[in-house]
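> what follows is a predicted protein model with its sequence.
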Amino acid sequence: MEHLAESGWGAGTLGCHLARRLVQIGVRDVFSVPGDFNLTLLDHLIAEPGLNLVGCCNELNAGYAADGYARAKGVGACVVTFTVGGLSVLNAIAGAYSENLPVICIAGGPNSNDYGTNRILHHTIGLPDFTQELRCFQTVTCIQVVVNNLEDAHEQIDTAISTALKESKPAYISISCNLPGLSHPTFVREPIPFFLAPMVSNQLGLEAAVEETARFLNNAVKPVLIGGPKLRVGKAQKAFKELADACGYPIAIMPSAKGLVSEDHPHFIGTYWGAVSTSYCGEIVESADAYVFVGPIFNDYSSVGYSLLVKKEKAVIVQPRRVTIGDGLSLGWVFMADFLTALAKKLKRNETAFENYKRIYVPPGIVLKRENDEPLRVNILFKHIQEMLSGDTAVIAETGDSWFNCQKLVLPENCGYEFQMQYGSIGWSVGATLGYAQAAKDKRVIACIGDGSFQVTAQDISTMIRCGQNTIIFLINNGGYTIEVEIHDGPYNVIKNWNYTGLVNAIHNGEGKCWTAKVKTEEELKEAIETAKGEHKDSLCFIEVIVHKDDTSKELLEWGSRVSSANSRPPNPQ
């Protein structure tokens with residue numbers, strides 16, 4: 001108990017209890033923006049030695065940082081103030097919801113005495129109604145609690161955190177501004193450890209799903225296995241590898257699952273993304289007579305404008321809590337990891353489709369060449385980024401052409417990889433890079449960000465420098481919203497050019513470690529990378545890469561035209 005008293009845990013206040021719970025679930029850094037309704041709460045979070053408060057430049061970036069942190073740590077947290085802060089962070093929390101990330105979003109709320117009165121408060125829209133923020137969060141969080149009395153606070157906080165972890169979705173907790181410093185018997189005792197009940201499959205349902213799937217796949221001639229983004233929420237990466245090792249099928253990933261499946265696996269064949277799949281992968285998947293999709297999300301982006309050549313009757317769809325076999329059996333309360341582990345023991349090894357892949361595969365044979373002092377091309381840039389990757393690095397890919405260029409990177413074992421494909425919010429990567437780097441201190445983060453996206457969230461480069469991070473940011477300056485250009489062009493896709501290195505130097509302002517470079521040729525790029533890896537290995541390194549506005553990946557050209565076609569379909573006849 002001495003340690004607890006020294007740490008402030010024995011103080012028995014609501015604020016100390018919340019801080020203790022965050023530490024117990026694995027949060028070490030909380031991203032925040034102060035406001036008068038959360039200041040006392042922030043005092044209590046700072047008092048907890050196991051927590052580090054990271055002040056961000058705005059709430060949107062604080063939310064993005066909690067998203068990036070949750071990707072690396074399994075859970076993240078941010079703290080904002082009532083309504084003006086809550087509505088500002090809302091977009092980031094919606095993105096975390098779409099990507100199945102447990103982010104604990106804590107808002108400082110009105111004084112408990114103001115509830116039930118007819119008072120109008122500041123930071124509101126001028127009505128005596130305190131529920132606007134709550135109602136907005138109801139659609140983008142799995143649980144919402146308003147803590148405005150001490151008696152229920154302990155249970156409300158624990159229920160919210162437990163639900164977020166079980167559902168792998170964000171939670172919203174509002175705490176009245178006059179409560180964090182108050183004691184209550186539920187907080188005073190020696191801390192009760194946080195407990196999360198295990199989730200167990202329905203045994204009969206599991207057995208039936210495994211038996212039917214094994215029959216379905218063992219009768220197939222050339223089955224394939226495809227990993228999807230919900231492998232993370234299913235906590236099934238290890239089980240997926242067990243199945244991959246046992247079955248002998250070729251292994252592909254959906255684009256948003258990159259980084260969740262080992263690309264070192266001997267049967268890994270690349271990214272399945274319909275018409276923009278990596279070489280020879282799409283042909284193998286779409287010609288298979290059976291495919292197992294583990295944790296897929298089929299949307300207009302991942303399906304390239306609804307153009308995938310896959311058929312439901314040939315597919316086994318494994319979701320975190322449900323298995324569906326072709327047009328037949330669909331069983332719920334069957335958990336992904338349990339199912340994959342059990343299925344691995346029942347499948348006959350079948351390497352037919354993988355042998356087909358080896359027969360048709362032609363390795364890339366043409367070395368990229370360029371003239372001396374030739375303007376830098378994007379494919380040359382990514383050739384050098386590929387050479388930088390190792391198990392000690394992680395890649396963050398911003399929405400835009402970086403989706404496609406980074407997708408072609410071959411990830412070494414343990415190399416991290418994150419991007420936000422389902423929600424696709426431009427500017428996400430700046431905050432996410434801040435949060436991921438703060439959580440994964442054993443990795444050097446390499447972020448690939450377009451100029452248009454960077455302009456949305458540039459400020460929190462400041463926070464990266466303040467936190468002493470050594471991320472390498474490649475700012476790809478092609479003069480506009482290139483991904484939108486390829487979907488539908490117009491004058492709105494052109495943006496004002498900034499002196500990006502000058503901006504970062506101004507933000508640096510001589511405080512902390514930061515180094516910038518502007519490169520226009522391959523020689524300059526190579527020199528900048530060597531400097532970032534050597535002399536400035538402990539600094540934030542910002543490398544602005546100047547490329548032609550029409551220098552895009554061929555995949556973006558194909559993808560953009562198909563998404564444009566899907567967007568422009570005329571209304572169905574009435």
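The structure has been received and is ready for your questions.
> from here on, just use CA atoms for contacts and neighbour counts.
Fine.
> at which residues are the strands of the stretch 401-550 of the chain located?
416-419, 444-450, 472-477, 514-519, 540-546 (DSSP state E, counting those that start in this stretch).
> what's near enough to touch A77?
Applying CA atoms under 8 Å, 6 or more residues apart in numbering to A77 gives the contacts 27, 29-31, 66, 103-106.
> quick one: pLDDT of the nearest residue to E374 once chain neighbours are set aside?
Spatial nearest neighbour of E374, excluding adjacent residues (CA to CA, 6 or more residues apart in numbering): T521 at 6.2 Å. pLDDT, T521: 93.
> thinking T521 is in contact with D373, fair?
Yes: applying CA atoms under 8 Å as the test, T521 and D373 come out as touching, 5.8 Å apart.
> more neighbours, those two?
Per other CA atoms under 10 Å, whichever of T521 and D373 has more neighbours is T521, with 21 against 11.
> quick check: bridge partners of the more buried one?
Bridge pairing for T521 (DSSP bridges) gives the partners P375.
> returning to that earlier point: contact partners for the residue nearest to E374?
Counting by CA under 8 Å, 6+ apart, T521 has contacts 373-376.
> cool, K518 as well?
501, 543-546.
> do G248 as well
So G248 contacts 267, 349-351, 354 (CA under 8 Å, 6+ apart).
> switch to 7 Å and redo it
Contact analysis of G248 by CA atoms under 7 Å, 6 or more residues apart in numbering lists 349-351.
> any chance of those residues in JSON lines, with secondary structure too?
JSON lines is the format used below for these (DSSP: H, G, I helix; E, B strand; the rest coil):
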{"residue": "R349", "secondary structure": "coil"}
{"residue": "N350", "secondary structure": "coil"}
{"residue": "E351", "secondary structure": "coil"}
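> in the protein, where is pLDDT below threshold?
1-11, 189-193, 365-371, 480-489, 553-559 (pLDDT under 70).
> next secondary structure after the lengthiest helix in it?
For the chain, the helix that runs over the most residues, judged by DSSP state H, is helix 150-167. Using DSSP states H and E, the next helix or strand after helix 150-167 towards the C-terminus is strand 171-176.
> sorry, back to before: possible to save the strands of the stretch 401-550 of the chain as a markdown table with distance to I161?
Shown next, in a markdown table, are those (distance: least, CA to CA, whole Å):
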| stretch | distance to I161 |
| --- | --- |
| strand 416-419 | 24 |
| strand 444-450 | 29 |
| strand 472-477 | 33 |
| strand 514-519 | 37 |
| strand 540-546 | 34 |
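> buried deepest among those strands, which one?
Comparing the strands of the stretch 401-550 of the chain by mean neighbour count (mean count of other CA atoms under 10 Å), strand 444-450 comes out on top with a mean of 27.
> that one vs strand 472-477, what angle?
10 degrees (axes from the mean of the first three to the mean of the last three CA atoms, to 10 degrees).
> ok, strand 444-450: who's next to it in the sheet?
Applying DSSP bridges, one finds strand 444-450 paired with strand 393-397 (parallel), strand 472-477 (parallel).
> give me the contacts around the shortest one.
If I follow you right, that is strand 393-397. For strand 393-397, contacts defined as CA under 7 Å, 6+ apart pick out 403, 406, 415-419, 429, 433, 443-449.
> looking at those residues, spot the one nearest E133.
Of all these, S429 has the smallest distance to E133: 25.3 Å, by CA to CA.
> so the closest one makes contact with E398?
Yes: between S429 and E398 there is a contact under CA atoms under 7 Å: 5.2 Å.
> give me the nearest residue to A65, chain neighbours excluded.
Spatially, and ignoring its direct neighbours in sequence, A65 is nearest to G435 (4.0 Å; CA to CA, 6+ apart).
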